[in-house]
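Engineer: This is a predicted model, with the sequence first.
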Amino acid sequence: MGAAQRGTSIEIKSLVKRFGEGRSTITAVDGVDLEIAAGERVALTGASGSGKSTLLHVIGGVEKADAGTVHVGGEEVTALGRRRLALYRQGVGFVFQRFHLLSALTALDNVIAPVLPRRGFPDRATRAAELLDAVGLEGRHNALPSQLSGGQQQRVAIARALIARPALLLADEPTGALDSATGASVMDLLHGLAEEYGLTVVTATHETAVAERSDRILTMRDGRIVGDTDQGTESSPATSK
């Protein structure tokens, strides 16, 4: 399926994201500084409401920051206008807890769907079929989501996230709707594909077993990074203010 790419770097400085106004304001991300190397697999952990999903969404251009900067591959995402931001999001792979598959489309067509409107994207069906095979769904290309298990649907979602050849893959609680055994197999698949294609992967998860499959674990609390651990090494100082 072609040579592996190198992934993309992420550099975050003094990042702040708030929701609400006045006394009801919630600071979901509070002055985060962070660097992620190209090709690194990073897990964001913490309790519900700690800010991990919001941080992921700001990196992906889904949420707009209130202060600070995010650079991805040298491009300042936080400075992009609406049109350029839409193009940026097209180059990022997203995997969510809910699979968000279109119920009336086959697995193959669900994978193709994100690139269907794009001109100059050749061999969509061929690439989609190859990705479905890569995620272990040989022979299920024409199955509807209702004919697939939860784990199989998440595999379709992973294939869909890879269709546009992203350098960055963002996964928000990708195993949250799965049992532990299926979730483990999905994460092994996700990281195996990331290594094969040379992707940078950032996963938000509250599950310790999922986080431990990453190269590095960042722990968040109250919108800040309070722990930064390389797997197999001692915890290093937190990188958030």
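Structural biologist: Sure thing, it's come through.
Engineer: For this structure, give me the ranges with low pLDDT.
Structural biologist: Within the chain, the ranges that satisfy pLDDT under 70 run 1-6, 120, 232-241.
Engineer: just the strands in it please.
Structural biologist: Using DSSP state E, the strands of the chain run over residues 10-19, 26-36, 41-45, 67-72, 75-76, 92-96, 168-172, 200-204, 216-221, 224-230.
Engineer: Give me the contacts around the second one.
Structural biologist: Contacts of strand 26-36 with the rest of the structure, by C-beta atoms under 8 Å, 6 or more residues apart in numbering, involve 9-20, 42, 51, 54-55, 58, 65, 68, 200, 202, 218, 222-225, 239-241. Just so you know, the C-beta spots here come from the backbone N, C-alpha and C atoms, and that holds for glycine as well.
Engineer: Pull out the buried residues from that strand.
Structural biologist: With burial defined by 16 or more other C-beta atoms under 10 Å, the residues of strand 26-36 counted as buried are T27, A28, V29, D30, G31, V32, D33, L34, I36.
Engineer: what's the answer for stretch 135-155, then?
Structural biologist: Neighbour-count burial for stretch 135-155 flags 135, 137, 140-141, 143-145, 148, 151-155 (criterion: 16+ other C-beta under 10 Å).
Engineer: coming back round to it: possible to save the strands of the chain as JSON lines with distance to L193?
Structural biologist: Shown next, in JSON lines, are the strands of the chain (distance: least, C-beta to C-beta, whole Å):
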{"stretch": "strand 10-19", "distance to L193": "19"}
{"stretch": "strand 26-36", "distance to L193": "18"}
{"stretch": "strand 41-45", "distance to L193": "11"}
{"stretch": "strand 67-72", "distance to L193": "20"}
{"stretch": "strand 75-76", "distance to L193": "24"}
{"stretch": "strand 92-96", "distance to L193": "10"}
{"stretch": "strand 168-172", "distance to L193": "9"}
{"stretch": "strand 200-204", "distance to L193": "9"}
{"stretch": "strand 216-221", "distance to L193": "18"}
{"stretch": "strand 224-230", "distance to L193": "22"}
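Engineer: Could you say which of those strands is packed most deeply?
Structural biologist: Mean neighbours per residue, mean count of other C-beta atoms under 10 Å, is largest over these for strand 200-204, with a mean of 27.
Engineer: what about the residue nearest to E173 when sequence neighbours are not counted, distance to A177?
Structural biologist: Excluding the flanking residues, the one nearest E173 by C-beta to C-beta, 6 or more residues apart in numbering is Q97, at 3.9 Å. Separation of Q97 from A177 (C-beta to C-beta, to the nearest Å) stands at 5 Å.
Engineer: Sitting in helices, which of the buried residues of stretch 135-155 do you find?
Structural biologist: The members of the buried residues of stretch 135-155 that map onto helices under DSSP state H are G151, Q152, Q153, Q154, R155.
Engineer: Closest one to A181 out of those, please.
Structural biologist: The nearest member of these to A181, counting by C-beta to C-beta, is G151 at 8.9 Å.
Engineer: Quick check: the closest one touching S185?
Structural biologist: Yes - if you go by C-beta atoms under 8 Å, G151 and S185 touch, sitting 6.7 Å apart.
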